[in-house]
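Q: Sharing a model that was predicted from the sequence below.
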There are 2 protein chains.
Amino acid sequence: MCELLGMDCNVPTDIVFSFSGLALRGGLKGPHADGWGLALYEKGAARVFLEPAAAAHSPLAKYVRENPIKTLLAIAHVRKGTRGKVALRNTHPFVRELWGRHFVFAHNGTVRGVRRHALGRFHPIGETDSEHAFCVLLSRLDEKFAEYPGERMWKAVARIASQIGAGGTFNFLLGDGTHLYARCATKLHYIIRKAPFARATLSDEDVCVDFAQVTTPRDRVAVIATQPLTRDEVWTAGVPGEMWVFKNGSLRATLPSPLAEKRA
Amino acid sequence: MCELLGMDCNVPTDIVFSFSGLALRGGLKGPHADGWGLALYEKGAARVFLEPAAAAHSPLAKYVRENPIKTLLAIAHVRKGTRGKVALRNTHPFVRELWGRHFVFAHNGTVRGVRRHALGRFHPIGETDSEHAFCVLLSRLDEKFAEYPGERMWKAVARIASQIGAGGTFNFLLGDGTHLYARCATKLHYIIRKAPFARATLSDEDVCVDFAQVTTPRDRVAVIATQPLTRDEVWTAGVPGEMWVFKNGSLRATLPSPLAEKRA
């Protein structure tokens, strides 16, 4: 199993505090020692740091913590490989261009039957079920929409995700440059930090930040993680099958599982 | 104008010596202060370091020099922007997935008429003529071949490149995970380092390496650069319109300009 971390904001924010919490779970406090990755958007383009080795001991992860890059949208992942070798090509997050935007994807869980879903124009480079699932998702979106469809994409993502997720555990984070889509299959949490800001302490370490000191009253920062990263804040747990859509630090939609709808 | 650097080897090699020479030209010894990028392959997947700022003063470029990553195939670029803002989305090298491989592309020059060439399934994220040209090139390859065509791709790349290059200056480096394609429009040089290895000194700095100390007799390393990077080695200059194909540190083919062929 792996751990996911996403951040979506209305003002450029650095992800160092949360990433430090995640990186600790990458080989030091957790069993996720098979790689880590961090994607940071600047408008429609993402810059990605990837390393097929434990984040906790990684000089590159240390560099990222010491040289924070502010962004509106970030996705990070620490990996305990269950499918596919420990290699760069199997390291999340994965990136593809569609409609002139970078799409970024990280997955937690295993989708065993994913190769039953036909690929379209996107093909995996590595051997993970995760990258295959991402390529299926983008292929279906590409077939359905000729250009970036805005909010009409939300339901489509939820529907395709529940089809793929029927074959296994499909917790994921997906970024399209302006939105962060977060699907809970088994375990996912979010928190929105906004005024009045308070202190927060990392669950796995005695590191704390007083967000009131580093923010303005208008700031909104949504953080999404497999497990709550702090011990003194209230996180909201996801319902299995549900997908959240975040934009500018706000939860814009909660989409129930389309398969559950069908059964109801 | 920008500067290109490529490396293609038969054993994993770090690019630090050459990259140091290039980085010096990124804002310190040269006017190329608008960004830099370095792509390093591990099999079919590329890891990319990008920064829309001068390489000479970049902490990330320093990190890359101090934490060398060995690779068989690398492409680097320092940018003096002529088209498009200084931004991540306009920073070379550009990356796309085709046929389950990462393709990596960096360009030197300006191709003014490039938007006359229709795009296919690949779309630019930024505003440069370079990324547009890359998307045209990959779109045409995608239309021509259903899967990775191996050596049949060489002529196709040369032909499409000369069509695009008819509208301007189209020096480029293109990687497909196993080959490095290097096209000379106006200025490009290469050297192949092999046994017996000698000493080499960077043109812009008193840094020298005795390659005999850091290689085995079987090593072959091809280095391609806009300008020769060393002052005590013999580099081969490209003929305008010509494209070289490197694999495993060897020059596998020199393709003359298909347009010149037509005129002959």
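A: Yep, that arrived.
Q: residues from the stretch 101-250 of chain A in reach of chain B?
A: A:101-102, A:121-126, A:142 (C-beta under 8 Å from any C-beta of the partner chain). Every C-beta, even on glycine, is put in place using the N, C-alpha and C of the backbone.
Q: can you do 10 Å?
A: A:101-102, A:119-126, A:131, A:135, A:142, A:147, A:177 (C-beta under 10 Å from any C-beta of the partner chain).
Q: of all those residues, which comes closest to chain B?
A: Checking those against chain B with C-beta to the nearest C-beta, the nearest one is A:H123 at 3.9 Å.
Q: show me the residues around that closest one that make contact.
A: A:H123 makes contact with A:96, A:131-132, A:135, A:139, B:97-101, B:147 under the criterion C-beta atoms under 10 Å, 6 or more residues apart in numbering or on different chains.
Q: now do 7 Å
A: A:135, B:97, B:99-100 (C-beta atoms under 7 Å, 6 or more residues apart in numbering or on different chains).
Q: quick revisit: out of the residues of the stretch 101-250 of chain A next to chain B, which sit inside strands?
A: Counting by DSSP state E, those place A:101-102 in strands.
Q: For the residues of the stretch 101-250 of chain A next to chain B, work out which two are farthest apart.
A: Greatest spatial distance among these (C-beta to C-beta): A:G126 and A:E147, at 28.6 Å.
Q: Between the two, point out the one with more neighbours.
A: A:G126 (21 against 9; other C-beta atoms under 10 Å in any protein chain shown).
Q: Spatially nearest residue to that one, not counting backbone neighbours?
A: The shortest distance from A:G126 to any residue other than its chain neighbours is 3.5 Å, reached at A:R89 (C-beta to C-beta, 6 or more residues apart in numbering or on different chains).
Q: Kindly indicate whether the one you found is helix, strand or coil.
A: Using DSSP: H, G, I helix; E, B strand; the rest coil, the structure places A:R89 in helix.
Q: In the stretch 151-264 of chain A, where is pLDDT below threshold?
A: A:259-264 (pLDDT under 70).
Q: What distance do you get for A:G150 to A:A182?
A: 18 Å (C-beta to C-beta, to the nearest Å).
Q: the more surrounded of these two?
A: A:A182 (26 against 11).
Q: related to what we said a few turns ago, most neighbours among the residues of the stretch 101-250 of chain A next to chain B, which one is it?
A: Counting neighbours by other C-beta under 10 Å, A:E131 leads these with 29 neighbours.
Q: Quick check: the residue lying closest to that one once chain neighbours are set aside vs B:W36, distance?
A: Excluding the flanking residues, the one nearest A:E131 by C-beta to C-beta, 6+ apart is A:P124, at 4.2 Å. Between A:P124 and B:W36 the computed distance is 29 Å (C-beta to C-beta).
Q: shouldn't A:N67 be in contact with B:P59?
A: Yes. A:N67 lies in contact with B:P59 (C-beta atoms under 7 Å); the separation is 5.4 Å.
Q: which neighbours do these two share?
A: By C-beta under 7 Å, 6+ apart, no residue touches both A:N67 and B:P59.
Q: and which of the residues of the stretch 101-250 of chain A next to chain B is nearest B:A198?
A: A:I125 (37.5 Å).
Q: what sits against that closest one?
A: With C-beta under 7 Å, 6+ apart, A:I125 has these contacts: A:89, A:131, B:44-45, B:97, B:100-102.
Q: Could I get the pLDDT score of it?
A: Per-residue confidence at A:I125 stands at 98 (pLDDT).
Q: Check the gap between it and A:L137 for me.
A: Distance from A:I125 to A:L137, by C-beta to C-beta: 16 Å.
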